[in-house]
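Novice: Provided below for reference: sequence and predicted model.
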Amino acid sequence: MIIQTLLDIKQIIKHNINQVIAVAEKDIKLKIRFKFLLIISYISPIITILMPLIIFQTLFDFKESFGPWNADNYAVFVLNTYNISLLTQIINSFPNQLRREKFWKTLPALIIAPFNRFDLLLGILLTNFILIALPFIIFFILIFIIYPISLWTILFILFIYLLIALIFSGIGLLLGVFAISKENLWMIFSFLLNLIFWASCLTYPFDLFPEVFQNIIILNPLYYIFTFLRMAWINNNVLFTIMNYFPHFLIILIASTTLPITAVYLFNKIYSRYGIVGY
């Protein structure tokens, strides 16, 4: 009985892994066909960090530091912005993928199985990991050359990046179900999400903003997530960073575990109620 149960579990795991790989393989082949768009997706985050890079260099001529950021470590802030921006592309991948499947009329077959929602989430996540791997690694190495850290810190930061990717996957799946079921709401939520990212200190440090904006920023969970990642790098001490920024770490852990599960649950509910609109 126990052996049969283990064999069944093994088959279920194998089946879902195959589905994840199938989703990723199909999506990668499609995106590689549009090489120019892929290259643009690598260049766009560079454009995002150019202005902060220029402003930082000018500001440090007049002031020694802004919070923990100074002329010696500001590159960690700016260059990590590039890698975070690469990961944000995961969010838009979900509505884009689902809308494409909707256009091809293959969406019902894609999500009909009970576990397919998780397979879809992990498949699109795997697709993005593979596609952004090269520029992500290049910038990660560049940051390391500028501001070296220990092996344990490297592994910890990569783990935090993985958790951030899971958070973005949950957000993307939520946007995705609205993109196929309630397009007007999808546009509204996308706009609100842009505002949330704008107020997350993704491109500029907290201490650069006036107090009235700081009071808004501290209500934003993304601010704590991005801050923890950057502080883990410049502190170069995993335990010290966790102890001194424990609320930030807790937000990352809670968001990375609850958001994907909640997103799948809401996906099922919304899809069951509204179905696919626009066929």
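Specialist: Right, received. Where do you want to start?

Novice: Correct me if wrong: residue 197 contacts residue 222.
Specialist: Yes. The pair residue 197 / residue 222 is scored as a contact, 6.6 Å apart, by CB atoms under 8 Å. (Glycine included, C-beta is placed from N, CA and C.)

Novice: So between these two, which is more surrounded?
Specialist: Taking neighbours as other CB atoms under 10 Å, residue 197 and residue 222 compare with residue 222 leading, 22 against 18.

Novice: Now for that one: which residues touch it?
Specialist: 196, 197, 200, 202 (CB atoms under 8 Å, 6 or more residues apart in numbering).

Novice: if I pick the second one, what's in contact with it?
Specialist: Spelled out, that is residue 197. By CB under 8 Å, 6+ apart, the contact set of residue 197 is 88, 222.

Novice: how near is it to residue 59?
Specialist: In this structure, residue 197 lies at 22 Å from residue 59, with CB to CB, to the nearest Å as the measure.

Novice: what's the helix or strand containing residue 241 in contact with?
Specialist: Taking DSSP states H and E as the criterion, residue 241 maps to helix 238-244. Taking contacts as CB under 8 Å, 6+ apart, the residues outside helix 238-244 that touch it are 152, 153, 156, 228, 231, 232, 235, 249.

Novice: list the buried ones in it?
Specialist: Under the neighbour-count criterion of 16 or more other CB atoms under 10 Å, helix 238-244 has 238, 241, 242 buried.

Novice: My guess is residue 268 contacts residue 117. True?
Specialist: Yes. Taking CB under 8 Å as the definition, residue 268 is a contact partner of residue 117 at 6.5 Å.

Novice: which of the two has more neighbours?
Specialist: In this view residue 268 and residue 117 are compared by other CB under 10 Å, and residue 117 has more residues nearby, 20 against 14.
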